[in-house]
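S.K.: What shape does this take:
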Amino acid sequence: MSTRKDFIRQSAILGASSLLLPGNTFSIEQSAMQNSLKESRWADGSRLVISISMQFEAGGEPETGFDSPFPANMEKGFTDIPAKTWFQYGYKQGIPRLLDLWDKHRIKVTSHMIGEAVKHSPELAREIVKRGHEAAAHGLNWTPQYNLSYEQEKKFISDGVAIIKEVTGETPKGYNCNWLRRSKNTLAILQELGFTYHIDDLSRDEPFLIPVNGKNLGVVPYTLRCNDIQLLEGRYFSSQQFGEQLRLEFDQLYAEGAKYRRQMSISTHDRISGTPAQVRVLDEFLAYAAKQPGVKFMRKDEIARLALQDKTTVIDQDYR
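M.R.: Predicted coordinates for the structure are as follows:
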């Protein structure tokens, strides 16, 4: 019979042996913790970098089976017509209003574009690029890609990129999966296709690098904490609560920015943050943040470039 004494002895042996194994979980976690505690700075001298995503998705949604604030109580095979008008708001009112807001504050954002949405509203996609914002890729359509084969997923990403390039003239350098859900092949495909970074990550408050096929790929972390579709979507938070969330997040990260390299991510979706109350709240927040010394707004391709060039950027050797 195994006694408590035996259990303790076996546990001690296992614990000691794990310390001796190269690449063991304990040493990896310890390394990650040490990286988090090590003082670091942005190479350009910024105290806090703010990165805003403007998701360009409306017009690329499927005819049925999409998420919306309306209850999912319709029979299968029928289009939820009023819900479609909720999406239409994104390209008819939302993005034009957000573009004027970014212009007012003289900031540039990253627009993650779904290929089918770009095909539906090409003039709007060109206007986004014309105003100096980054055209990043967000898949061909709303089809999940985590369950595709390597070749199927590569074609899915490439087809979306081809539409963006044909319409805007820009070749995307950054990628965002549907609901962040990538496959085991996604990172290798992005590296193969020439992308320099992806954003489907919530593990840090600063950009970092991951080795993929013998070459570093940038990770510019996304957010669920300051994300309108997660917090708001017309159901959960009010715009005022969203604004308070942004200020609290900013204040803490700005304070930490005195010792550590910190990035604040904000996600805005065309049909949600392009609404009047949301734009008013964002307007107030941007004015508040811009008053603080050392705050800089950057596109995600610029952040990835800084991270890739900076030899002090954290490299995550155990990225999964």
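S.K.: Pairing partners for the residue nearest to Leu187 when sequence neighbours are not counted in the sheet, please.
M.R.: In space, and not counting its chain neighbours, Leu187 is closest to Val212: 4.9 Å by Cβ to Cβ, 6 or more residues apart in numbering. All C-beta atoms are positioned from the backbone trio N, CA, C, and that covers glycine. Taking DSSP bridges, one finds Lys215 as the beta-bridge partners of Val212.
S.K.: what about Val212, distance to Thr196?
M.R.: From Val212 over to Thr196 the distance is 11 Å, taken as Cβ to Cβ, to the nearest Å.
S.K.: Now for Gly139: which residues touch it?
M.R.: If a contact means Cβ atoms under 8 Å, 6 or more residues apart in numbering, then Gly139 has Ile114, Gly115, Gln145, Phe156, Ile157, Gly160, Asn176, Cys177, Asn178 as its contacts.
S.K.: Tell me the one among those residues nearest to Trp102.
M.R.: Nearest to Trp102, judged by Cβ to Cβ, of these is Asn176 at 18.5 Å.
S.K.: Does that closest one touch Gln145 like I think?
M.R.: No. The pair Asn176 and Gln145 fails to qualify as a contact (Cβ atoms under 8 Å) at a distance of 11.1 Å.
S.K.: Tell me the secondary structure of Leu246, please.
M.R.: The local conformation at Leu246, judged by DSSP: H, G, I helix; E, B strand; the rest coil, is helix.
S.K.: Please work out how many residues are found near it.
M.R.: Counted with other Cβ atoms under 10 Å, the neighbours of Leu246 add up to 22.
S.K.: need the contact list for the closest residue to it other than its chain neighbours.
M.R.: Leaving aside its sequence neighbours, Leu246 sits nearest to Phe285 (Cβ to Cβ, 6+ apart; 4.7 Å). With Cβ under 8 Å, 6+ apart as the criterion, the residues that contact Phe285 are Gly243, Leu246, Arg247, Phe250.
S.K.: give me phi/psi at Phe285?
M.R.: When read as degrees, to the nearest 10, the backbone of Phe285 gives phi -70, psi -40.
S.K.: For it, give me the pLDDT.
M.R.: As predicted, Phe285 sits at a pLDDT of 98.
S.K.: what's the answer for Tyr236, then?
M.R.: The per-residue pLDDT reported for Tyr236 equals 74.
S.K.: how close does it sit to Asp228?
M.R.: Separation of Tyr236 from Asp228 (Cβ to Cβ): 10 Å.
S.K.: try Phe250
M.R.: Counting by Cβ to Cβ, the separation of Phe250 from Asp228 is 16 Å.
S.K.: so how far does stretch 313-320 reach from one end to the other?
M.R.: For stretch 313-320, the first and last residues are 18 Å from each other (Cα to Cα, to the nearest Å).
S.K.: what comes into contact with the helix or strand containing Asp100?
M.R.: When elements are defined using DSSP states H and E, Asp100 is found to belong to helix 95-105. Outside helix 95-105, the residues that touch it by Cβ under 8 Å, 6+ apart are 52, 54, 56, 58, 108-109, 124, 127-128, 131, 133, 268, 270, 273-276, 279, 282-283, 286-287, 290, 297.
S.K.: So which of these belong to helices?
M.R.: Filtering the contacts of helix 95-105 for membership in helices, criterion DSSP state H, returns Leu124, Glu127, Ile128, Pro276, Val279, Leu282, Asp283, Leu286, Ala287, Ala290.
S.K.: So the closest residue to Gly139 other than its chain neighbours, which state does it fall into?
M.R.: Leaving aside its sequence neighbours, Gly139 sits nearest to Gly160 (Cβ to Cβ, 6+ apart; 5.2 Å). Secondary structure assignment for Gly160 (three-state DSSP): helix.
S.K.: Many thanks, we can stop here.
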